[in-house]
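In: Any chance you could fold what I've pasted below:
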Amino acid sequence: MSSPLAMPVIAASIWALLGLILLRARARSYGSRVLYAAPKGDPAAGVRYAFTGAMAPDAKESVREHLPSYLLGLLYHGGIFAALALLVTTLGDSAWPSLLRGPLQILLGFGALAGLGLLGKRLWLRELRGLSHPDDFVANGLATAFVGLALTGPTDAWLLSALLLLVYVPLGKLRHCVFFFMARGHLGAFFGRRGVFPTEGHHGR
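Out: Residues are numbered from 1 along each chain as shown. The predicted structure is shown next:
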């Protein structure tokens, strides 16, 4: 694309990717605990369950008790992924098929509203304000701006929001895009090996 921000955004993407790779390598450099007991289950089955059934409302208490926030989180992340997909196609000088543009706009719109809703909840509820760190507000603000501005199309304002978001990714809590998968995978493998995952009644998930 012809925008002067295109190359800086590409450079920021490389920075974010390298930063996340280094963070993952650093975390893995601490090593792993040696397990001496004989396995009672399948670690792979535990990993599959950790990313599927273990995250469902009927298996996760934090989801059951905060279902609206869970749904907002799904919409928010859906909007972020849609905006990232749009960024990739924009930088590659390609376009979404016309049949996908409408659903994409809807997902971006709901994603931006969900981000604002979660930010409002953090500001409104005293217990969440007490637990919040400036990083929480910066991360939400950058991600929500990126999703919301994507509704305007490939403008310089949107590319600037993408640039700021990508630069911040390995520096703040947005790095959870890597550590979420590492933590869930470790959890699933450990409890799968012990025969705890999958739990009774969730083997088909």
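In: Can you name the residues that contact residue 19?
Out: Residues touching residue 19, when contacts are defined by C-beta atoms under 8 Å, 6 or more residues apart in numbering, comprise 169-171, 175. Placement of C-beta: from N, CA and C, glycine included.
In: Can you lay out these as TSV showing pLDDT and secondary structure?
Out: Below are these laid out as TSV (pLDDT from 0 to 100; DSSP: H, G, I helix; E, B strand; the rest coil):
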residue	pLDDT	secondary structure
169	96	coil
170	95	coil
171	94	coil
175	93	helix
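In: Filter those residues down to the buried ones.
Out: Buried members of the contacts of residue 19, counted by 16 or more other C-beta atoms under 10 Å: 169-170, 175.
In: Of those, which is the nearest to residue 197?
Out: Within the buried ones among the contacts of residue 19, the smallest distance to residue 197 is 25.4 Å, found for residue 175 (C-beta to C-beta).
In: The closest one contacts residue 23, doesn't it?
Out: Yes. Counting by C-beta atoms under 8 Å, residue 175 touches residue 23, with 5.8 Å between them.
In: hmm, back to that, please identify which of the contacts of residue 19 is nearest to residue 90.
Out: The closest of the contacts of residue 19, once distances to residue 90 are taken by C-beta to C-beta, is residue 169, at 18.1 Å.
In: any idea how far residue 61 is from the closest one?
Out: With distances taken as C-beta to C-beta, to the nearest Å, residue 169 is found 30 Å from residue 61.
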